[in-house]
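>>> Here is the input, now give the coordinates:
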Amino acid sequence: MDRGPVEGSSKAAAGRAEQSAAWHLTERCLAATPEDGARGMFFLGVVKVVGFLQGEEAGATCLAASGLKDLSAADLYPVTHFLPMVAEATWLLRPQLGDWAQALRYIGTQATVDFLSSMFGRELMQAAGRNPWRMLQHMAEGYRAAVSYGERSVLWTGDHSARFVMRRDFMPTPYHEGVLQAALEAVGAQDVQVHGRQLSLLDTEYDVSW
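Numbers count the residues shown, from 1 in each chain. You can find the predicted model right below:
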């Protein structure tokens, strides 16, 4: 299921192995249960991003990779359909954006844009005000409105820094680097830095500062 560079060179083979190790797409899907779902807005956001950057046909290819049709933004769909869709999107966007990690960050950024414009996100923005500290705190809870899986918590490391911890989350680290950076910038944070670490297949943590 993993998508890697075009075959035919040792460089491509090395890149393929690197991406496979980072993605672990098959393992992530196997770790999911039927109850693990994400809102349709995130599926639609991937189609929108890819369609904007690569054309409508590429966007349709991503939708086909999900195996779903007639998506509703507010409904929950199995994350096992979202993962191959995002894998296809990174494959299509990587030549334009530089590498699979940058493609994932871009998709994560779009996920935040879509979420904050939704009913759930507008409530989050109202609760956070223009305060990055409150945004992170409420995001740990706000994820529950976005997806049906995982746990998130915040450990404060300074006046303008924190460690955002995710347990049993199915998306690779660069995706949530894009999510968190976009969320902080949405409330006016400046010079935002987000550095993620993969602790295990489904556990990550992110050092965040602004």
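>>> Relative to residue 78, how far out is residue 33?
Distance from residue 33 to residue 78, counting by CB to CB, to the nearest Å: 9 Å. From N, CA and C alone the C-beta is placed, and that goes for glycine too.
>>> more crowded one of these two?
When neighbours are counted by other CB atoms under 10 Å, residue 33 and residue 78 differ, and residue 78 comes out ahead with 19 against 11.
>>> residues touching the more buried one, list them.
32, 34, 36-37 (CB atoms under 8 Å, 6 or more residues apart in numbering).
>>> how near is residue 35 to residue 168?
In this view, residue 35 and residue 168 are 12 Å apart by CB to CB.
>>> which neighbours do these two share?
residue 149.
>>> Which one of those two is surrounded by more residues?
Under the criterion of other CB under 10 Å, the comparison of residue 35 against residue 168 puts residue 168 first, with 15 against 10.
>>> helix or strand for residue 155, which one?
strand 151-158 (DSSP states H and E).
>>> Just the C-alpha atoms of that strand, please, in PDB.
Only the C-alpha atoms of strand 151-158 are listed here, as PDB (Å, rounded to 0.1, in the frame of the first residue of the first chain):
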ATOM      1  CA  GLU A 151      -5.800  11.100  23.100                       C
ATOM      2  CA  ARG A 152      -4.000  14.500  23.100                       C
ATOM      3  CA  SER A 153      -2.500  16.400  26.000                       C
ATOM      4  CA  VAL A 154      -0.400  19.600  26.500                       C
ATOM      5  CA  LEU A 155       2.700  19.900  28.700                       C
ATOM      6  CA  TRP A 156       3.800  23.500  29.200                       C
ATOM      7  CA  THR A 157       7.500  24.000  28.900                       C
ATOM      8  CA  GLY A 158       7.600  27.900  29.000                       C
END
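>>> Residues touching it, excluding its own?
Outside strand 151-158, the residues that touch it by CB under 8 Å, 6+ apart are 133, 136-137, 139-141, 143, 162-169, 207, 209.
>>> Mind doing that once more with 7 Å?
136-137, 140, 143, 162-168 (CB atoms under 7 Å, 6 or more residues apart in numbering).
>>> Please identify the buried residues of that strand?
By 16 or more other CB atoms under 10 Å, the buried positions in strand 151-158 come out as 152, 154.
>>> going on from that strand, what's the next piece of helix or strand?
Using DSSP H and E, the first helix or strand after strand 151-158 is strand 161-167.
>>> just how off-centre is that following strand within its chain?
15 Å (CA atoms, centre = their mean, to the nearest Å).
>>> Burial check on residue 58, number of neighbours?
19.
>>> Are we agreed that it is in a strand?
No: applying DSSP: H, G, I helix; E, B strand; the rest coil, one finds residue 58 to be helix, outside a strand.
>>> separation between it and residue 38?
Separation of residue 58 from residue 38 (CB to CB): 21 Å.
>>> same deal with residue 137?
From residue 137 over to residue 38 (counting by CB to CB), the distance is 22 Å.
>>> the more surrounded of the two?
Shown here are residue 137 and residue 38; by other CB under 10 Å, residue 38 has more neighbours (22 against 17).
>>> Show the contacting residues for that one.
76-77, 79, 82, 146-147.
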